[in-house]
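[1] All I have is the shape, not the residue letters:
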Ligand code: NAD
Ligand code: TYD
């Protein structure tokens, strides 16, 4: 099982001094790990710019930091801090940005939207503007700004249909509205200033290192700890799930060969009603952790629905498959199994992210439930 890329330097892009924003978060840390450990022939430098919010954890890359000295650099800072971002462009001669940093959780965006506007809108604007200024006189034209976004910008689907790259934007939560704004800014910098931008809109990710406020890791940990499993509304909302490594392979594929000015949908082609997913997850967790599935099912607890809860997301990713020859590699069964194994094997990581600000936030907003 592996990822094949037909030679790293096939495109005219340099992809050498890569600024990874949000690399201490879930998808970003998996991306860094993926490039160093799974992409044959990759010999660039990765500069991880992360503010280490509640969702960022430097421990997620402690082994990478030790192993790739001289090729991996951690820079603690905020993407909204123009002076700092400019200094990084100069210090590392940045030729590529892959922009993961964001406030990423819908529930948090409902409780406190301001941070979402700051980081997702103003932060993205700052990065785009600094990149534009740094690269506008570049004679080599070998730069790239890849903006990582979500399928949630397209709104909510009924029982049928799929989001395509031409589906009109219709964001409904403060999170998706702020991501939609950042997508428009990224494309505007391409159209107006000629900044070489590619953009991807991906469906729900899951896998190792995901912060346990999102459905899958939250439920795994609650099952292991005998806590209630909070199902929003009727449990019949549908999401399209993709293993994080398949997402990162898609991002890298687009960075290598995607056309600038284009957007690409990335998806799992793997739709699940939340409640059906939970039933599968209960069986996997119980088998691995030797728990009684009937007892764990008894902890399923239907709770008040999320305000404005989008009913269904489903991605048509045929453009990416057709034009850039990407496909999903990890089946849902395999991906869930690997994910549960990872959470069982990493209690220290769980402890490290739970001991700080997050616990206080959960207590304040959700009481004992979280
Ligand atoms: P995450 O919340 O796990 O990580 C976000 C990271 O960004 C953290 O390390 C955090 O410290 C950092 N960060 C936040 N604000 C910052 C700031 N102002 N300056 C610098 N760093 C900052 O998020 P994730 O799930 O890894 O998502 C990464 C990206 O992928 C986001 O842009 C998100 O919108 C997008 N996305 C996520 C999913 C998903 O299912 N998780 C799906 C599609 C797209
Ligand atoms: P989430 O992981 O927050 O991702 P998103 O809202 O960005 O899709 O939620 C996935 C689905 O699971 C969504 O329909 C909301 C639901 N959900 C619950 O039912 N209970 C929970 O505790 C959480 C966090 C989510």
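    It's in. These figures come from a predicted structure and were not determined experimentally. Ligands and ions are numbered 1, 2, ... in the order given.

[2] rest of the way, CA atoms for contacts and neighbours
    OK.

[3] Give me every residue in this protein lying close to ligand 1.
    Neighbours of ligand 1 within the chain, by CA under 6 Å from any ligand atom: 22-28, 50-53, 55-56, 77-80, 100-104, 119, 148-150, 202-205, 211.

[4] and those residues, which are buried?
    22-28, 50-52, 55-56, 77-80, 100-104, 119, 148-150, 202-205, 211 (16 or more other CA atoms under 10 Å).

[5] where do the strands sit along the stretch 51-200 of the chain?
    72-76, 96-99, 144-150, 197-202 (DSSP state E, counting those that start in this stretch).

[6] How far does the second one sit from its chain's centre?
    Between the centre of strand 96-99 and the centre of its host chain there is 14 Å, according to CA atoms, centre = their mean, to the nearest Å.

[7] which parts of that strand are buried?
    Going by 16+ other CA under 10 Å, strand 96-99 has these buried residues: 96-99.

[8] Just the ones in helices from the buried ones among the residues of the chain next to ligand 1, please.
    26-28 (DSSP state H).

[9] Who are the contact partners of residue 315?
    151, 162-164, 202-203, 240, 265-269 (CA atoms under 8 Å, 6 or more residues apart in numbering).

[10] would you list these in CSV and tack on pLDDT?
    CSV is the format used below for the contacts of residue 315 (pLDDT from 0 to 100):
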residue, pLDDT
151, 98
162, 98
163, 98
164, 98
202, 99
203, 98
240, 98
265, 98
266, 99
267, 98
268, 98
269, 98
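
[11] and the biggest helix by length in the chain, what does it pack onto?
    The residue-count maximum for a helix in the chain (DSSP H) belongs to helix 174-193. When contacts are defined as 3 or more CA pairs under 8 Å, 6 or more residues apart in numbering; DSSP states H and E, helix 174-193 sits against helix 106-111, helix 114-116, helix 124-135, strand 144-150, strand 197-202.

[12] now the ones you listed as JSON lines including distance to ligand 2?
    Output for those, formatted as JSON lines (distance: least, CA to the nearest ligand atom, whole Å):
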{"stretch": "helix 106-111", "distance to ligand 2": "6"}
{"stretch": "helix 114-116", "distance to ligand 2": "14"}
{"stretch": "helix 124-135", "distance to ligand 2": "19"}
{"stretch": "strand 144-150", "distance to ligand 2": "9"}
{"stretch": "strand 197-202", "distance to ligand 2": "11"}
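
[13] Go through these and pick out the most buried.
    With neighbours defined as mean count of other CA atoms under 10 Å, the helices and strands packed on helix 174-193 peak in mean count at strand 197-202, which reaches a mean of 25.

[14] what's the spacing between that strand and its chain's center?
    For strand 197-202, the distance to the chain centre is 12 Å (CA atoms, centre = their mean).

[15] No more questions from me, cheers.
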